[in-house]
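Asks: Task: produce atomic coordinates for the following.
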Amino acid sequence: MKKTGKRKRAVMMKTAETKKKMFLRKNKKKKTPLANSQPMAREKYGFYIPVDIVSEILLNLPARSLGKFRCVSKSWLSITSNTAFIRANAQRNPHSLIIEGMNRSGRYCLASAEAISESSIRLREYLPLQFSSDYSLAQASCDGLICRYHKIRPCVINPLTGQSVPLPRDGDELNCKLGFYFHHSTSKYRLIRFTDTMHESEVLVVGEHSWRRIPGSLPAFFYLPYPLDLNGNIYWLAHSLNEDTSEVPPDTVVIFDEEKEVYSVISLPPLEKLHDLEAHLLDFNGKLGLWVARKNNTIDVWIMENVWIKRHSINYAQIHACPSQFNPRWRASVYGAVTIGDEELLIKLSKCRASECKAPHYIVRCNLKSGACVVRNLMGLSHLSFSTFPYTETLANPQSPAST
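Replies: Residues are numbered from 1 along each chain as shown. Sure thing, here's the model as predicted:
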């Protein structure tokens with residue numbers, strides 16, 4: 001009897017151990033073939049995508065989609081948080097114009113006007129702004145980040161993600177001319193500011209709490225707003241303050257070297273005086289460009305190639321969708337422009353000069369070679385401000401530079 005009992009207990013223990021092994025085997029987690037930390041799984045499935053190929057695939061995705069893919073793995077989060085990756089992705093995203101105004105709900109917001117096809121223009125609205133344009137003004141953009149300088153809370157904001165970082169207040173925010181750029185040596189975003197009465201300029205590292213004066217004097221000009229950040233330089237259109245134009249040209253382009261922090265000056269093409277025209281600088285596929293709205297209902301596009309060369313001339317008086325009362329001779333009729341590839345220009349037009357005029361505003365997509373135009377009325381937005389900047393969606397974080 002004792003032997004029989006021992007045998008039964010041994011069989012029961014063996015059976016229980018077998019069931020336990022079967023349970024563990026059944027509920028054991030399967031190894032994913034894509035995990036870099038599990039080489040045995042990759043050998044079993046024979047399927048592995050190198051990191052550089054994954055990076056190239058992610059690089060071609062729209063910035064608004066990349067935020068979702070950051071949740072896939074730590075590896076993908078690391079790839080999409082890299083500074084070089086974010087800047088390269090922004091360059092591949094479609095170029096558009098960023099606009100500030102009031103939406104249908106009565107709240108101020110930032111919106112982008114983007115050309116999505118040869119015959120279509122899309123208006124995309126972002127998060128509502130905390131303060132109205134009575135107290136604020138978008139003054140500069142860089143890598144999809146917007147600097148809004150206002151009395152209550154000056155800040156740098158990413159319209160796509162809603163992330164922002166406050167800037168130090170000193171009571172003179174709205175009177176400053178501002179430049180915004182990415183400093184490559186330190187991989188940090190910086191602001192440069194001055195007023196027309198100052199003889200010095202100041203630099204602020206975004207995220208810090210004090211401005212630093214730049215040694216040397218500021219060229220004595222009256223600077224137009226909305227400078228251009230291009231190839232390590234910031235460019236301003238400027239008028240001479242000297243009545244004697246024999247020594248100093250009446251109109252010029254002032255250049256600020258972002259690394260050396262020094263100024264230089266180049267001349268403009270032969271034009272009428274700037275105060276009689278509406279002119280802005282633009283990035284023409286990596287080259288310094290200038291578009292000028294003239295009194296004869298045309299927009300001239302100039303490119304700097306050692307010397308200024310006039311590449312295109314657009315007759316925008318023939319744009320049939322604009323109302324008959326549209327007056328292209330008004331200096332503030334053309335607010336901003338951005339190039340789309342080699343052949344197209346996206347332009348914002350209005351017949352009103354006031355920042356809160358109720359007159360309609362228009363986005364025009366113009367083919368520089370054929371002259372064909374597609375026009376869209378900015379319905380749904382009112383009280384539009386002067387501020388119109390080139391824009392591209394990005395995941396850049398204004399609060400702190402991404403890892404390199």
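
Asks: Could you check how far the residue nearest the centre of the chain is from Arg153?
Replies: The residue lying closest to the centre of the chain (Cα atoms, centre = their mean) is Gly144, at 2.1 Å. Distance from Gly144 to Arg153, counting by Cβ to Cβ, to the nearest Å: 20 Å. From N, CA and C alone the C-beta is placed, and that goes for glycine too.

Asks: repeat for Glu258
Replies: 26 Å.

Asks: repeat for Pro398
Replies: When distance is defined by Cβ to Cβ, Pro398 is 14 Å away from Arg153.

Asks: Could you check which of these two is surrounded by more residues?
Replies: Set Pro398 next to Arg153 and count neighbours by other Cβ atoms under 10 Å: Pro398 wins out with 23 against 16.

Asks: doesn't Gln163 make contact with the more buried one?
Replies: Yes. Pro398 is within contact range of Gln163, at 5.9 Å (criterion: Cβ atoms under 8 Å).

Asks: quick one: common contacting residues for these two?
Replies: Ile157 (Cβ atoms under 8 Å, 6 or more residues apart in numbering).

Asks: Tell me where the model's unsure across the stretch 151-300 of the chain.
Replies: 151-152, 171-175, 196, 241-249, 274-276 (pLDDT under 70).

Asks: What helix or strand is the closest residue in space to Ala372 that isn't next to it in sequence located in?
Replies: Closest residue to Ala372 apart from its sequence neighbours, by Cβ to Cβ, 6 or more residues apart in numbering: Cys366 at 7.5 Å. Assessed by DSSP states H and E, Cys366 sits inside strand 361-367.

Asks: Now do whatever helix or strand comes next after that strand, average pLDDT.
Replies: The element immediately downstream of strand 361-367 (helix or strand, assigned by DSSP H and E) is strand 373-377. Per-residue pLDDT values across strand 373-377 average out to 73.

Asks: what comes up buried for strand 373-377?
Replies: Cys373, Val374, Val375, Arg376 (16 or more other Cβ atoms under 10 Å).

Asks: between those residues, which is closest to Thr195?
Replies: Arg376 (36.5 Å; Cβ to Cβ).

Asks: Find the nearest non-adjacent residue to that closest one, please.
Replies: Counting by Cβ to Cβ, 6+ apart, Ile121 is the residue found nearest to Arg376 once chain neighbours are left out, at 4.3 Å.

Asks: List the residues that contact that neighbour.
Replies: So Ile121 contacts Ala113, Glu114, Ala115, Leu346, Ile363, Arg365, Val374, Arg376 (Cβ under 8 Å, 6+ apart).

Asks: Looks to me like it is in a strand.
Replies: Yes. Ile121: assigned to a strand according to DSSP: H, G, I helix; E, B strand; the rest coil.

Asks: Do you have the strands of the stretch 51-200 of the chain handy? List them.
Replies: 96-102, 108-117, 120-128, 138-142, 145-148, 155-157, 164-166, 177-183, 188-194 (DSSP state E, counting those that start in this stretch).

Asks: helices or strands up against the last one?
Replies: Using 3 or more Cβ pairs under 8 Å, 6 or more residues apart in numbering; DSSP states H and E as the contact test, the elements touching strand 188-194 are strand 177-183, strand 202-205.

Asks: Tell me the gap between that strand and the middle of its chain.
Replies: Relative to its parent chain, strand 188-194 has a centroid offset of 15 Å by Cα atoms, centre = their mean, to the nearest Å.

Asks: And it, what's buried?
Replies: In strand 188-194, counting by 16+ other Cβ under 10 Å, buried: Tyr189, Arg190, Leu191, Ile192, Arg193, Phe194.

Asks: Include distance to Ala279 when you put those into a markdown table, please.
Replies: Shown next, in a markdown table, are those (distance: Cβ to Cβ, whole Å):
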| residue | distance to Ala279 |
| --- | --- |
| Tyr189 | 27 |
| Arg190 | 26 |
| Leu191 | 24 |
| Ile192 | 21 |
| Arg193 | 22 |
| Phe194 | 21 |
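
Asks: those strands in the stretch 201-350 of the chain, which residues are they?
Replies: Under DSSP E, counting those that start in this stretch, the stretch 201-350 of the chain gives strands at 202-205, 212-213, 221-223, 228-230, 233-240, 251-257, 263-267, 278-284, 287-293, 298-305, 307-315, 334-340, 344-350.
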